[in-house]
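Undergrad: Predicted coordinates and the sequence they were generated for:
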Amino acid sequence: MIEPKECQDMGDIRSAIDELDNNIIKLMSKRLEFVREASRFKKDEKAVRDINRVREVIESKKKLAIEHDLPPELIGNIYAMMIDSFIEEELKEWKAKE
């Protein structure tokens with residue numbers, strides 16, 4: 001992949017961003033696969049929703065964001081939305097196995 005400083009025009013920029021977005025989506029899809037599988041190991045709905053774990057994950061990603069020069073609140077918000085959605089998917093899996 002081209003580095004940002006190597007871009008010659010907006011076409012290069014857009015192409016690189018599209019490639020990054022494709023990779024992000026693939027990684028999110030893989031993450032969701034793991035979330036769905038996690039339902040096999042949860043005993044009840046409270047375990048699926050595990051508020052303490054959600055908080056822990058969001059805080060750790062905010063710290064990681066700082067290390068990578070990203071706004072921690074942005075990353076925290078993104079992860080909060082993603083986790084909320086993924087929990088709903090995990091609940092569907094968990095309920096289907098009851």
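TA: In hand now; what should we look at? Numbers count the residues shown, from 1 in each chain.

Undergrad: what's the neighbour count on residue 28?
TA: Residue 28: 13 surrounding residues under other CB atoms under 10 Å. Yep, even glycine has a C-beta here, placed from its N, CA and C like the rest.

Undergrad: Report the contact partners of it.
TA: Shown in contact with residue 28 (CB atoms under 8 Å, 6 or more residues apart in numbering): residue 82.

Undergrad: And the contacts of the helix or strand bottoming out on mean pLDDT in the chain?
TA: One helix or strand of the chain scores below all others by mean pLDDT, DSSP states H and E: helix 45-49, with a mean of 91. Identification of contacts with helix 45-49 by CB under 8 Å, 6+ apart yields 39, 42, 87, 90, 91, 94.

Undergrad: Inside helices: which ones of those?
TA: 87, 90, 91, 94 (DSSP state H).

Undergrad: Out of those residues, the closest to residue 56 would be?
TA: Checking the ones in helices among the contacts of helix 45-49 against residue 56 by CB to CB gives residue 87 as the nearest, at 14.2 Å.

Undergrad: ok now do the closest one, which residues does it touch?
TA: Residue 87 neighbours (CB under 8 Å, 6+ apart): 35, 48, 49, 54.

Undergrad: got the buried residues for the least confident helix or strand of the chain?
TA: residue 48 (16 or more other CB atoms under 10 Å).

Undergrad: where's the closest residue to residue 64 other than its chain neighbours relative to residue 15, distance?
TA: Leaving aside its sequence neighbours, residue 64 sits nearest to residue 75 (CB to CB, 6 or more residues apart in numbering; 7.4 Å). Going from residue 75 to residue 15 by CB to CB, to the nearest Å gives 25 Å.
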